[in-house]
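Enquirer: Following is a predicted model, sequence given first.
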Amino acid sequence: MRRHHLGHPLTLALVTALAALAGAAPAHAGELPVVTPVSETPTLFGDEEGGNADADDPAIWRNAAQPGRSLVVATAKEGGLRVYDLESRQVQSLAPPQPPGAEDAPGRFNNVDLLSGLRLSTGRADVAVVSDRGNDRLRIYRIDPARTGGPLTDITDPAAPPVFSADQEEINEQRTAYGLATWQDRVTGRTYALVSRRNETRLALLELRPTATGTVGYQKVRTLDLPSSFRLPDGSQWTPCGEPDERPQVEGMVVDPANGVLYAAQEDIGIWRLRADLTGTPKLMDKVKEYGVPGTYDEETEECTPGADPGYGGSRLSADVEGLTLFQESGGDGYLFASSQGDDTFALYDRETDEGNEYEGGFRVGAANRLLDGSEECDGATVLNAPLGSRYPRGLLVVQDGHDTPAVTDGNGEEREATGFKFVDLGALMDRVDP
């Protein structure tokens, strides 16, 4: 989500030379290494002519039998789901279900994550789990690359309840299922989805439950509310500026399967680390630069005018902090990738929690050429450290681009809202940024 209450995101000149990372010390965005994409998906346009599609969140499904025929499943908000092959070509499009009795409230998908080998009544299957923001539900899609008509099939239990809302009237207010991460408990073998609530600080843990008919439903286990107000070192209380009835929400989330740790990006605050079962006490592992900055909300412009920076924020993330994804290596090594949407960069943190997720550097996704641009205002990202055929022998990073270029105008000469996804060779990236 692109909400810059304290001003517009910074505009940075493209970097033409790579700079070496200075150990764990944070670098200015202009000094970070730059990697360029290999390809990009067809542009999605956020207007009626383009189906009101808006690229948001991707996930990579690995075809174990034929890695070179793996897929990327991605959300497009009112445009539903898109499925792409490794050459970034669209192979399937699925519309989101329309909310009942709400003609002015279209269906909308927000985030997606995957589960491998989910036990169904018909056998095990890989599935994509999606937050259905328009209906405040989860939707589950079976993945079958050999299926005629496209690899995804909706197997959601028709009786699946709303995640947060009490009734349809509350669903229509759109404080609904938003961010999403899936998780399998290695001790019990049970599978879960963690879901955040739009414009609220609440997280919910849902257990996925197969039915006897081959569909999948879910049951809420527990919820947890992250803080919306914070005590600063000078003793004052700070609440991030925003619309009066909105609290600082979470969207980007990922679970480390090795230890059951959930990382949750509270957009205007920073990154939390907590147990994926939502027990225990969350820890704020890093803050956005704007943390602690007061702001005055203007109802006419729907923007906040920032006050003086008291200097309590972090130095690596610029609000909003968005897509989180995990680069996994054997033995528990690897990195947490975080999208710093406000300055078009990505931050890397050590995966080891014992050392407090030390900052390890960062990078930018820059333009490859005039027609293949980089990533700006990135909402969602996903990484897979595994061979994916000859095209990506060391894996793949997919990032959302919130401002796809070159610009396209409509019949009135106005620039159309254009988004998409960029495919980055993971091997080339890690050669440049791996500390």
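Expert: Ah, there it is.
Enquirer: all contacts plus neighbour counts: C-alpha atoms, from now on.
Expert: OK.
Enquirer: Counting neighbours, what do you get for residue 151?
Expert: 17 (other Cα atoms under 10 Å).
Enquirer: how close does it get to residue 369?
Expert: 32 Å (Cα to Cα, to the nearest Å).
Enquirer: Run through who's touching the lengthiest strand in the chain.
Expert: When the chain is parsed with DSSP state E, its longest strand is strand 109-120. If you take Cα atoms under 8 Å, 6 or more residues apart in numbering as the criterion, strand 109-120 is touched by 56-61, 73-81, 96, 124-134, 178-183, 191, 210-211, 214-216.
Enquirer: One more pass at 6 Å, please.
Expert: 57, 59, 77, 80, 124-133, 178-181, 210, 214 (Cα atoms under 6 Å, 6 or more residues apart in numbering).
Enquirer: Secondary structure element for residue 430, which one?
Expert: helix 426-433 (DSSP states H and E).
Enquirer: May I see the buried residues of the helix or strand of the chain with the lowest mean pLDDT?
Expert: Across the helices and strands of the chain, mean pLDDT, DSSP states H and E gives its lowest value to helix 168-172, namely a mean of 90. Across helix 168-172, burial judged by 16 or more other Cα atoms under 10 Å covers 171, 172.
Enquirer: after that helix comes which helix or strand?
Expert: strand 177-184.
Enquirer: Skipping adjacent residues, who's closest to residue 252 in space?
Expert: Excluding its sequence neighbours, the residue lying closest to residue 252 (Cα to Cα, 6 or more residues apart in numbering) is residue 323, at 4.4 Å.
Enquirer: On the three-state scheme, the one you found is what?
Expert: The assignment at residue 323 comes out as strand when based on DSSP: H, G, I helix; E, B strand; the rest coil.
Enquirer: May I see the PyMOL selection of the buried members of the contacts of strand 109-120?
Expert: Burial among the contacts of strand 109-120 is assessed by 16+ other Cα under 10 Å; the matching PyMOL selection reads:
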select buried, resi 57+59+77+80+126+127+128+129+130+131+132+133+178+179+180+181+210
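Enquirer: Please flag which of the contacts of strand 109-120 sit within helices.
Expert: Among those, no member is found in helices (DSSP state H).
Enquirer: pLDDT below threshold where in this structure?
Expert: 1-30, 102-105, 354-355, 435 (pLDDT under 70).
Enquirer: Which strand residues bridge residue 256?
Expert: residue 261 (DSSP bridges).
Enquirer: go on, the one 10 residues further on?
Expert: The bridge-partner assignment for residue 266, based on DSSP bridges, gives residue 250, residue 270.
Enquirer: And residue 225, by the same measure?
Expert: residue 202.
Enquirer: Do you have the strands of the stretch 301-435 of the chain handy? List them.
Expert: 303-306, 321-328, 334-340, 345-350, 359-365, 381-384, 396-401, 418-425 (DSSP state E, counting those that start in this stretch).
Enquirer: Just the buried positions in stretch 310-322, please.
Expert: 312, 313, 314, 315, 316, 317, 318, 319, 320, 321, 322.
Enquirer: Next step: the residues you listed restricted to helices.
Expert: Using DSSP H, none of the buried residues of stretch 310-322 sit in helices.
Enquirer: So which of these is the closest to residue 394?
Expert: For the buried residues of stretch 310-322, the minimum distance to residue 394 (Cα to Cα) is 24.9 Å, reached by residue 322.
Enquirer: So residue 171 versus residue 81, what's the distance?
Expert: In terms of Cα to Cα, residue 171 sits 21 Å off from residue 81.
Enquirer: er, residue 366 actually
Expert: For residue 366, the distance to residue 81 - Cα to Cα - is 26 Å.
Enquirer: Of those two, which one has the most company?
Expert: Taking other Cα under 10 Å, residue 366 and residue 81 do not tie; residue 81 has more neighbours (27 against 22).
Enquirer: related to what we said a few turns ago, as a markdown table, the strands of the stretch 301-435 of the chain with distance to residue 434 would be great.
Expert: Converted to a markdown table, the strands of the stretch 301-435 of the chain look like this (distance: least, Cα to Cα, whole Å):
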| stretch | distance to residue 434 |
| --- | --- |
| strand 303-306 | 36 |
| strand 321-328 | 11 |
| strand 334-340 | 10 |
| strand 345-350 | 9 |
| strand 359-365 | 8 |
| strand 381-384 | 14 |
| strand 396-401 | 14 |
| strand 418-425 | 14 |
